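J.: Okay, sequence plus prediction incoming.
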Amino acid sequence: MSLALLLLQLAIILVTARLCGLALRALGQPMVIGEMAAGILLGPIVFGALFPEWHRQLFPPASLPGLASLANIGVVLFMFIVGAELRAPSGMGAMLSAASRVALCSMVLPMGLGIAIAPALHPALAPAGVAFWPFALFMGVALSITAFPVLARILKDRKLTRTRIGQLSLGAAGMVDALAWILLALVVALASAGAGLAGFLRIALGLLLMVGVVFLAVKPLLAWFLRVHAPDGTPSPMVLATLVIGMLVCAMLTEWLHLHAVFGAFLFGIALPRDDRLLHALSERIEPLSVVILMPIFFALAGLGTSAGAFGDAALGALGLILLTASVGKIVGGAAGARMSGYGWPESLATGSLMNSRGLMELIVIKVGLDTGLIGAELFTMLLVMALVTTAATGPLLSLIAWRRPAAVDRNTAS
């Protein structure tokens, strides 16, 4: 692939992502929804269908491995920051049990529903050779995801971060993300090992050993290293390089274990000290590269992996089933968890709506499923559409609930 073609691809991807992001932001949606949609526009469904010759010249198959490498680096950096951000919101200790109920209910119900619809989807949509249970478990995990970063953005935009439902939803989403990545790692290990129990145990034990080393040895070592070399929470270039090297090593190890590199990056991020100054410094230095430049490449590659077959007459029923199951599972599960914790109906429904936001985390999960062969292009497209629709619906649902019962929502969500 020529450098000129790569630069042209990057320019078109970034321009499309920015324009779509700004258009969606003008409609009251997070920019990331527009950037995700930009990937679909650049894929075979829109650009490839309207201008097939230009699409072939701009994205020839020989150029995709180079783009994939850049995209994977972007995702690894992003998941590193997500792991570093993952913490209980300040002041939510009193609602820890409530957040646990919301997290559990908003995971168990959609996961159970995802497994329940798997028999209807597996015969037509599972790739050849993928056994039923790895496919079904992946569907369960994919439908149970909540996007912690996008949820935090929605709450911040609506000035709900310090309200009761804001604290409750953030705490629950953090728990869901942590549990979902553990379950996804086990599902990928099961799929990578094929039908052999020995292979699965080898991968699972390798992952368990790595987690033990990271938390028992690397985490205290990182705390000491940062306390000595970055006491003010601002890492020097040498300290930053050391952290990035550690992240890359962890990502390499999980890739070597036949898991995805994102697991290692996420794990290393969790091992960092919970220091807001450090997080701010890392976000300030890494997020512009990851989120602004590299993640749009990831969205474009995801769009290139979509299939127009997902919108055929025979597939529309499956797409509708996935949308319905995902929305009902998350909204009802989240609302039930909040209601069991003593919250009123307006708050409970608002919490369930917030937990239904999937965003970028869902896209990363389903791309892992596509890369590891658990799902094919058609189901990947359906799940991508589901992620876009459920996330885009979060804001309107919150507005509807507030419009229906404004006094109750304002009173109950007051901090």
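T.: Sure, I can see it.

J.: how about the nearest residue to the residue nearest to the spatial centre of the chain, chain neighbours excluded?
T.: Geometric centre of the chain, nearest residue: residue 361, 0.7 Å, by C-alpha atoms, centre = their mean. Nearest in space to residue 361, with sequence neighbours left out and distances taken as C-beta to C-beta, 6 or more residues apart in numbering, is residue 147 at 4.2 Å. C-betas here are computed from N, CA, C, even on glycine.

J.: Same question for residue 387.
T.: That would be residue 362: by C-beta to C-beta, 6+ apart, it lies 3.8 Å from residue 387.

J.: what does residue 289 give?
T.: residue 77 (6.8 Å).

J.: how far away is that neighbour from residue 45?
T.: Computed with C-beta to C-beta, to the nearest Å, the distance linking residue 77 and residue 45 is 28 Å.

J.: Of those two, which one has the most company?
T.: Taking other C-beta atoms under 10 Å, residue 77 and residue 45 do not tie; residue 77 has more neighbours (24 against 19).

J.: The residue nearest to residue 289: what's it in contact with?
T.: 247, 265, 286, 289-290, 294 (C-beta atoms under 8 Å, 6 or more residues apart in numbering).

J.: Could you dump these into JSON lines and include distance to residue 278 and neighbour count?
T.: JSON lines is the format used below for these (distance: C-beta to C-beta, whole Å; neighbours: other C-beta atoms under 10 Å):
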{"residue": "247", "distance to residue 278": "14", "neighbour count": "27"}
{"residue": "265", "distance to residue 278": "16", "neighbour count": "27"}
{"residue": "286", "distance to residue 278": "12", "neighbour count": "19"}
{"residue": "289", "distance to residue 278": "18", "neighbour count": "14"}
{"residue": "290", "distance to residue 278": "17", "neighbour count": "20"}
{"residue": "294", "distance to residue 278": "22", "neighbour count": "20"}
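
J.: Just the ones in helices from the residues you listed, please.
T.: Residues of the contacts of residue 77 located in helices (DSSP state H): 247, 265, 286.

J.: Residue 80 is in contact with the last one, correct?
T.: Yes - applying C-beta atoms under 8 Å, one finds residue 286 in contact with residue 80, separated by 7.3 Å.

J.: shared neighbours of those two, anything?
T.: By C-beta under 8 Å, 6+ apart, no residue touches both residue 286 and residue 80.

J.: of the ones in helices among the contacts of residue 77, closest to residue 211?
T.: Among the ones in helices among the contacts of residue 77, residue 265 lies closest to residue 211 (C-beta to C-beta), at 13.8 Å.

J.: Retrieve the pLDDT associated with that closest one.
T.: pLDDT, the model's per-residue confidence, is 92 for residue 265.

J.: give the contact list for the closest residue to residue 118 other than its chain neighbours.
T.: Spatial nearest neighbour of residue 118, excluding adjacent residues (C-beta to C-beta, 6+ apart): residue 136 at 3.6 Å. By C-beta under 8 Å, 6+ apart, the residues touching residue 136 are 114-115, 118-119, 122.

J.: need those in CSV with neighbour count, pLDDT and distance to residue 269, can you?
T.: Output for the contacts of residue 136, formatted as CSV (neighbours: other C-beta atoms under 10 Å; pLDDT from 0 to 100; distance: C-beta to C-beta, whole Å):
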residue, neighbour count, pLDDT, distance to residue 269
114, 23, 96, 27
115, 18, 96, 29
118, 19, 96, 31
119, 11, 96, 37
122, 17, 95, 34
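
J.: mind listing which of those residues are in helices?
T.: Judged by DSSP H, the subset of the contacts of residue 136 located in helices is 114-115, 118-119, 122.

J.: and of those residues, the nearest to residue 232?
T.: residue 114 (45.7 Å).

J.: Relative to residue 272, how far out is that closest one?
T.: Going from residue 114 to residue 272 by C-beta to C-beta gives 32 Å.

J.: what do you get for residue 216?
T.: Distance of residue 216 to residue 272, computed by C-beta to C-beta: 15 Å.

J.: neighbour count winner among those two?
T.: residue 272 (23 against 10).

J.: is it true that the more buried one touches residue 86?
T.: No - the criterion here is C-beta under 8 Å, and residue 272 misses it with residue 86 at 10.0 Å.

J.: Going by residue numbers, what spans are helices in the stretch 101-250 of the chain?
T.: Listed in chain order, the helices of the stretch 101-250 of the chain (DSSP state H, counting those that start in this stretch) span 132-144, 148-157, 164-192, 197-213, 219-229, 237-256.

J.: Revised request: answer the last question for the stretch 251-400 of the chain.
T.: So, for the stretch 251-400 of the chain - with DSSP H, counting those that start in this stretch - the helices run 261-271, 276-287, 295-304, 313-340, 345-355, 359-371, 377-404.

J.: do you know which of the ones you listed lies nearest residue 174?
T.: helix 261-271 (10.6 Å).

J.: Output the contacting helices and strands for that closest one.
T.: Applying 3 or more C-beta pairs under 8 Å, 6 or more residues apart in numbering; DSSP states H and E, we find helix 261-271 packed against helix 64-85, helix 164-192, helix 197-213, helix 237-256.
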